[in-house]
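> Requesting a structural model of the entry that follows:
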Amino acid sequence: MKIAILTSGGDSSGMNVAIKRFVEYSYEKNFTPYFIYDGLEGLIDGKIKKANYKDVRGIICRGGTIIRSSRSKRWFDKEYRKKAYENLKKQSIDALIILGGDGSFRALNVFYKEFKIPFIGIPATIDNDIALNEYSIGVDTALNVIRSAIDDIRDTASSFSRAFVIETMGRECGYLALISAISNGAEMCLIPEMSYNLDRLKEKYLKEIKNGRNYFLAIVAEGVKKTEFIKEWFEREIGFESRITILGHIQRGGAPTTIERLRAVEFMSLALDNIENNPNKIVTFCDDKFILRNLEEIINSKYSLPKKALEIAKPLMGLDG
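Residues are numbered from 1 along each chain as shown. From the prediction side, this is the model:
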């Protein structure tokens, strides 16, 4: 059986671990592994190559993806999807494994409906916004990158008695901001999924200042689009000199953590164990176990943030706990 792998959309640390496992475990199972370079764009252009052990030598500690990725506008045109299918047939590829996020899975859904190429999808996005799934490859490393940055920023914030507004990635999903605010002891957390009450926060902060608080860390998800406003609010309403730190793409990079490496291996192992006799599924992680789900089930479900984390973070939003 010939199986090809591609990474699609934003890169995330841990993809290379999954790619390494893909090659090595494929040979254990007597499959023939192939790489598709440059994501969906590479599939359209026929950038398909047989993979071997040498290709994955030394990649387990590297962030990003050695087979590269892309976002493809051409994929929306059926003519190019047909070209992608023909490229797979030229190489006699029997099935696909795709690492990506929600957009990648939707693209895969269209492709499967048209050409019936068997597949397995693996969540790989720091946004962690896949429905019915609690963990995506890249999330733990991103959270640790944010933790390290916040630890460093705290040193300066406390030294100068300043407020720092730290913007995290995640598009319209506030997962990274939510978990980072809780786990790093921030004083404020703003995410797209929840309202917030600045009047209550102001009242709370002014009391805390009288009781000895001399700096603030505010974690703001990029989807809120209020980073500059919050900086000015701290200066105007709280009376603290403020700075903005936009973490940006450093959250995607870095050597994958131990948990990341373990999860990536487990995701890929389950994918290859099922690609031949139980394909057309997405491997998800929920309630501390891996579950195979139908793609349509995921696409038609709405993602939601962890309820327990939301309850804990309500005071950081000026809401009742």
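> can you give me the strands in the chain?
Assigned by DSSP state E, the chain shows strands spanning 2-7, 32-36, 48-50, 95-100, 119-123, 163-168, 188-190, 216-221, 242-246, 281-286, 289-294.
> CA atoms only for the helix of greatest length in the chain - export them in CSV, please.
Longest helix in the chain, counting residues (DSSP state H): helix 139-160. Provided in CSV are the C-alpha atoms of helix 139-160 (Å, rounded to 0.1, in the frame of the first residue of the first chain):
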residue,chain,number,x,y,z
VAL,A,139,-0.5,23.3,21.2
ASP,A,140,1.8,22.2,24.1
THR,A,141,4.9,23.7,22.5
ALA,A,142,3.1,26.9,21.7
LEU,A,143,1.9,27.2,25.3
ASN,A,144,5.4,26.7,26.6
VAL,A,145,6.8,29.3,24.2
ILE,A,146,4.2,31.7,25.6
ARG,A,147,5.0,30.7,29.2
SER,A,148,8.7,31.4,28.6
ALA,A,149,7.9,34.8,27.1
ILE,A,150,5.6,35.8,29.9
ASP,A,151,8.2,34.8,32.5
ASP,A,152,10.7,37.1,30.9
ILE,A,153,8.2,39.9,30.5
ARG,A,154,7.2,39.6,34.2
ASP,A,155,10.8,40.5,35.2
THR,A,156,10.6,43.9,33.4
ALA,A,157,6.9,44.5,34.4
SER,A,158,7.8,44.1,38.1
SER,A,159,11.0,46.1,37.8
PHE,A,160,9.3,49.1,36.2
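> what's the angle from that helix to strand 216-221?
Angle, helix 139-160 to strand 216-221, by axes from the mean of the first three to the mean of the last three C-alpha atoms, to 10 degrees: 150 degrees.
> in helix 139-160, what's buried?
Using 16 or more other C-beta atoms under 10 Å as the test for burial, helix 139-160 gives 139-146, 149-150, 153-154, 157. Glycine gets a C-beta too; all of them are placed from N, C-alpha and C.
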